[in-house]
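Enquirer: I need the structure of the sequence given here:
(2 chains)
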Amino acid sequence: MKWTRRDVLKGLGGLPIVGGIWWAGAANSLLDSKERNEILEQLNIQPSLPSHVPSIGGDPIRVGIIGFGIRGEQLCRALGYATKEWLNNMKEAAEKNPNHSALKDFQNQAKLNVNLVAVCDVFDVRAERVVDSFSTDDIKVVRYRTYQELIKSGNIDAVIIATPDHWHATMAIEALNNRVSAYVEKPMTHTIEETYRLKEATEKSSAHLMIGHQHRQTLSFKTAQDIVEKGTLGHVSMIQTNTNRNDDNGAWNYHIHEKASEQTIDWEQFLGTAPKIPFNKNHFFRWRKWWAYGSGLSGDLLSHDYDRLNCVLNMGIPESISASGGIYTHIDGRNVPDVLQVNMEFPNFSTGSSQKQGKEKGMTFIYSATLGNGFNRPTILMGHDGTMELGNKLTIWPDGRSTKYADMLKVGKMKPSTPIYQYNPGANVPDAISSATSQYFADKGLMWTYINGARVDSTFLHLREWLSVVKNGGKLSCGIKEGFDEAITAHMTGLSYKLGRRIEWDKENKLIKPIEGINFDEVLLSNS
Amino acid sequence: MFGILKKWELKHSVVLMRIFIGWHFIYEGIVKLYDPDWTSFGYLVSAQGPFKPMFLSLASESLIGTIDILNMTALIVVGITLILGVYEKLGAFIGIGLLALYYLAHPSFPWLMQVKVEGNYWFINKNLIELVACMIIFQFPTGKYFGLDIFFKKNKNTIKTA
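Expert: Alright, predicted model coming up:
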């Protein structure tokens, strides 16, 4: 037991190193966490948890589907019904690429207490696919030739309407008048007159109308509501939201089925109130390209972006809209624009102010779209105190000249280039001042929402909410009020583009300010 | 000058390497220990490569708490053993295991997207290099030159000679 001084030094030399590093690590970590908490406390943002939906008990809800095209098929999958073809394709895809999780996600999706019992589609191939794929030993899916027969059959409690736009309101009104609840895809209506008629029918009916803006289920948007309400961004004077697509599918040039013919498609029923023209496959499968059946960028895509923001800000219908654009990227016989720029004015809207009273009021909402470039321009809310990027995840940066954060900016606790808040519903902790982990994670853009550890798609959540209200009553997150705002805004945009002039909303009388000599609905429907 | 260099042997370099690696590990562990919001969740769910499913399953709600504690503890244990020069073979062994997991979660394969890496790597990255360094420490323990093992060694000698 003889140790020299040298032995002791060499033996215990590691101890001060361990002590020093321990102290440094703890101090740095605690300081970071203290600064982060200070900011989080000041922001006081409550990240949203998935909302509780009362369960759909009792007998299964009997659901019918009208329109089994691209969206109709997606909606059925969200209900728990996938076609044999899709299941086989996804199985093959998963065998080729283990990361392909569509099949697994579908299988993991919670089962809804519903029976799909009825279908109406004017294309035989699609209607038969529903009957073949979804009929079971106990329940045979019945095909109805017309939507009226389906709705009045007495065999359904609820109906999903995934048809071209020009059929939405007519079918939804028929359903509501027959006390059948309806889930209708966006845009809610095709004309202004229909919008009011559908509103009236919904208010009179005991059945429930849900508009298919599934974004309302995205957890980040619910959190964004809280952020804006707490004045985190200060007065938001500008919003910028965009559509960027650069492919045939994105430009609505959908696949034309090889079996499509006058024998397999009920062309007269497809046309309905649209101008009578001879059978045209291009119009049938790619109807979004013509005003007669669809509403182009304003009804198909602006409606989503507008509703996302209306969900966060609840700003209602803009007081005026100016839109311009053209057919610049797909000159293929379509008559809806493929490039569109829309300015919506909300001169009396405010998200609150950190400056002296009366200095700030009013907001411009810019929607800008092109079908000829796919660069991802994010949705940005620009406030005096901060900027928020809104997507599946949320990021907030303080503004360098913010009044609210002036003190923290001055001492360097906040920097304009560093996010002060990041939220991703896939991560289990909110994170102020992005740590390496959360930054890393955020950069990956994990797109799904986790509920009890399972990946869930928002359409499923939206349908579940609707079905729960059908069974238990309650409030829908995208009912007639939200649908009315969305439809009027889309129609005002269409009018402004077509007329080349500013369209104004009369807030008091709840109508679009008339322009002498112009019938708005005729303009909207006209193929020019 | 060359006199010093002559005295500087392989064991001295290995001691330095051992302490630096220990330093790296323990600091990573301590920073996580004192950050209440830290979690390996993001790292695990963004895993890539052939072992992705395994890392994803570790990120499940029931496991993630345990995984976080295990990771933190292992980092600190490796750090302490390597710096203090005691049970350093065990420390190096755990270090090899941890680094292998980190590498496999985000391997530097050219066909995978490299996210948040500060350099350019082709199969070999710094995790793998540190792993090999831990192998050297495992094969060439130096605690008896600089570290608590000096006392154990003396003890053993004392017992032997007594």
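Enquirer: which stretches of chain B have low pLDDT?
Expert: B:1-3, B:115-116, B:154-162 (pLDDT under 70).
Enquirer: residue ranges for the helices of it, please.
Expert: With DSSP state H, the ranges of helices along chain B come out as B:2-7, B:10-33, B:41-45, B:52-58, B:64-84, B:88-105, B:126-139, B:149-161.
Enquirer: most packed of the ones you listed?
Expert: helix B:41-45 (a mean of 22; mean count of other CB atoms under 10 Å in any protein chain shown). The way it works is simple: take the backbone N, C-alpha and C, and place the C-beta from them, glycine included.
Enquirer: that one - contacts with which helices or strands?
Expert: Counting by 3 or more CB pairs under 8 Å, 6 or more residues apart in numbering or on different chains; DSSP states H and E, the packing neighbours recorded for helix B:41-45 are helix A:436-444, helix B:52-58, helix B:64-84.
Enquirer: flag every buried residue along the top helix by length along chain A.
Expert: Identified as the longest helix of chain A according to DSSP H is helix A:14-43. When burial is assessed from 16 or more other CB atoms under 10 Å in any protein chain shown, helix A:14-43 yields the following buried residues: A:14, A:17-18, A:21-22, A:25, A:29, A:32-33, A:36, A:39-40, A:42-43.
Enquirer: out of the residues you listed, who's near chain B?
Expert: Checking the buried residues of helix A:14-43 against chain B by CB under 8 Å from any CB of the partner chain, the ones in range are A:14, A:17, A:18, A:21, A:22, A:25, A:29, A:32, A:33, A:36.
Enquirer: can you put the residues you listed in TSV and add distance to residue A:485 and pLDDT?
Expert: Supplementary listing: those in TSV, determined by distance: CB to CB, whole Å; pLDDT from 0 to 100:
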residue	distance to residue A:485	pLDDT
A:14	68	92
A:17	64	94
A:18	63	94
A:21	58	94
A:22	58	95
A:25	52	93
A:29	47	88
A:32	43	81
A:33	42	80
A:36	38	78
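Enquirer: sorry, back to before: the helices of chain B into CSV, with extra columns for distance to residue A:313?
Expert: Compiled in CSV, these are given as follows (distance: least, CB to CB, whole Å):
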stretch, distance to residue A:313
helix B:2-7, 70
helix B:10-33, 38
helix B:41-45, 29
helix B:52-58, 36
helix B:64-84, 35
helix B:88-105, 40
helix B:126-139, 45
helix B:149-161, 66
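Enquirer: tell me which of these lies nearest to residue A:228.
Expert: Closest to residue A:228 of the helices of chain B, according to CB to CB: helix B:41-45, at 25.9 Å.
Enquirer: for residue A:103, which of the helices and strands packed on helix B:41-45 is the nearest?
Expert: In this view, the helices and strands packed on helix B:41-45 are compared for proximity to residue A:103 by CB to CB, and helix B:52-58 is the closest at 14.3 Å.
Enquirer: can you give the distance of the closest one from its chain's centre?
Expert: Its chain's C-alpha centre and that of helix B:52-58 lie 21 Å apart, by CA atoms, centre = their mean, to the nearest Å.
Enquirer: quick one: contacts of it?
Expert: The contact list for helix B:52-58, computed with CB atoms under 8 Å, 6 or more residues apart in numbering or on different chains, reads A:98, A:99, B:44, B:45, B:47, B:63, B:64, B:67, B:104, B:105.
Enquirer: equivalent analysis for stretch A:94-107, please.
Expert: For stretch A:94-107, using CB under 8 Å, 6+ apart, the contacting residues are A:77, A:82, A:87, A:90, A:91, A:93, A:455, A:457, B:52, B:53.
Enquirer: tell me how far the ends of that stretch are from each other?
Expert: Criterion CA to CA, to the nearest Å; first-to-last residue distance in stretch A:94-107 is 13 Å.
Enquirer: for chain B, what is the nearest residue in the stretch 251-400 of chain A?
Expert: Proximity of the stretch 251-400 of chain A to chain B (CB to the nearest CB) peaks at residue A:393, 11.5 Å away.
Enquirer: I'd say that residue and residue A:421 touch.
Expert: No - Residue A:393 is beyond contact range of residue A:421, at 10.7 Å (criterion: CB atoms under 8 Å).
Enquirer: middle-most residue in the chain, spatially?
Expert: Using chain A. Averaging the C-alpha coordinates of chain A gives a centre point, and the residue nearest to it by CA atoms, centre = their mean is residue A:215 (2.9 Å).
Enquirer: try chain B instead
Expert: Centre of chain B computed as the mean C-alpha position; nearest residue by CA atoms, centre = their mean is residue B:95, 3.4 Å away.
Enquirer: so it sits against residue B:25, correct?
Expert: Yes - counting by CB under 8 Å, residue B:95 touches residue B:25, with 6.5 Å between them.
Enquirer: what sits in contact with each of these two?
Expert: Counting by CB under 8 Å, 6+ apart, the contacts common to residue B:95 and residue B:25 are B:78, B:82.
Enquirer: helix, strand or coil for residue A:504?
Expert: For residue A:504, the assignment made with DSSP: H, G, I helix; E, B strand; the rest coil gives strand.
Enquirer: that one contacts residue A:512, correct?
Expert: Yes - taking contact to mean CB under 8 Å, the distance of 7.2 Å between residue A:504 and residue A:512 places them in contact.
Enquirer: and the gap between the residue nearest to the centre of chain B and chain A?
Expert: As defined by CB to the nearest CB, to the nearest Å, residue B:95 lies at a distance of 16 Å from chain A.
Enquirer: contacting residues around residue B:145?
Expert: Counting by CB under 8 Å, 6+ apart, residue B:145 has contacts A:10, B:11, B:12, B:15, B:85.
Enquirer: list the contacts for the fourth one?
Expert: Translated: residue B:15. Contact analysis of residue B:15 by CB under 8 Å, 6+ apart lists B:85, B:142, B:145, B:146, B:147.
Enquirer: for the third one, same thing?
Expert: If you count contacts by CB under 8 Å, 6+ apart, residue B:12 has them with residue B:145.
Enquirer: can you give me the distance of it to chain A?
Expert: Applying CB to the nearest CB, one obtains 11 Å for the distance of residue B:12 from chain A.
Enquirer: likewise for the second one?
Expert: Counting by CB to the nearest CB, the separation of residue B:11 from chain A is 12 Å.
Enquirer: picking up where we left off before, filter the contacts of residue B:15 down to the buried ones.
Expert: Judged by 16+ other CB under 10 Å, buried ones among the contacts of residue B:15: B:85, B:142, B:145, B:146, B:147.
Enquirer: phi and psi next, for the fourth one.
Expert: Dihedral angles phi and psi of residue B:146 (degrees, to the nearest 10) take the values phi -150, psi 110.
Enquirer: cool, the first one as well?
Expert: In this entry, residue B:85 is assigned phi and psi values of phi 70, psi 50 (degrees, to the nearest 10).
Enquirer: that one and residue B:148 touch, don't they?
Expert: Yes - look at residue B:85 against residue B:148 with CB under 8 Å: they come within range, at 5.6 Å.
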